[in-house]
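In: need a structure here:
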Amino acid sequence: MIIPLEQLNQETLHAIIEDFVLREGTEYGAIDTTKEDKIAQVKLQLQQGSAVLVYSELHDSVNILPKEQFNQETYQ
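Out: Below is the predicted model of the structure:
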């Protein structure tokens, strides 16, 4: 299930994005990105719709996925 961003307050959204970034890391080859820069990038992707915030009832978890990788059947 996709979670609409407008249903979350900004602190909660920031905490979810920060958790996601910390799991993914900030090292991208030769270029290191700061945590805050990566959080801003992920937030922008969510706002633009190229990434989605999803809740999995099966796993009782929240994750961020590229929109093209989101499979509604997997996240029910």
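In: what number of residues lie near K38?
Out: Using other CB atoms under 10 Å, K38 has 20 other residues around it. Placement of C-beta: from N, CA and C, glycine included.
In: what's the answer for L13, then?
Out: Neighbourhood size, L13 [other CB under 10 Å]: 18.
In: that one and E6 touch, don't they?
Out: No: counting by CB atoms under 8 Å, L13 stays clear of E6, with 9.8 Å between them.
In: so how far is the one helix or strand D37 maps to off the chain centroid?
Out: Using DSSP states H and E, D37 sits within helix 35-48. Put simply, helix 35-48 sits 8 Å off its chain's centre (CA atoms, centre = their mean, to the nearest Å).
In: make 7 the starting number, not 1.
Out: Okay, using 7 as the starting number, the last item reads as helix 41-54.
In: that one: which residues count as buried?
Out: Neighbour-count burial for helix 41-54, counted by 16 or more other CB atoms under 10 Å, picks out 44-45, 48-49, 51-52.
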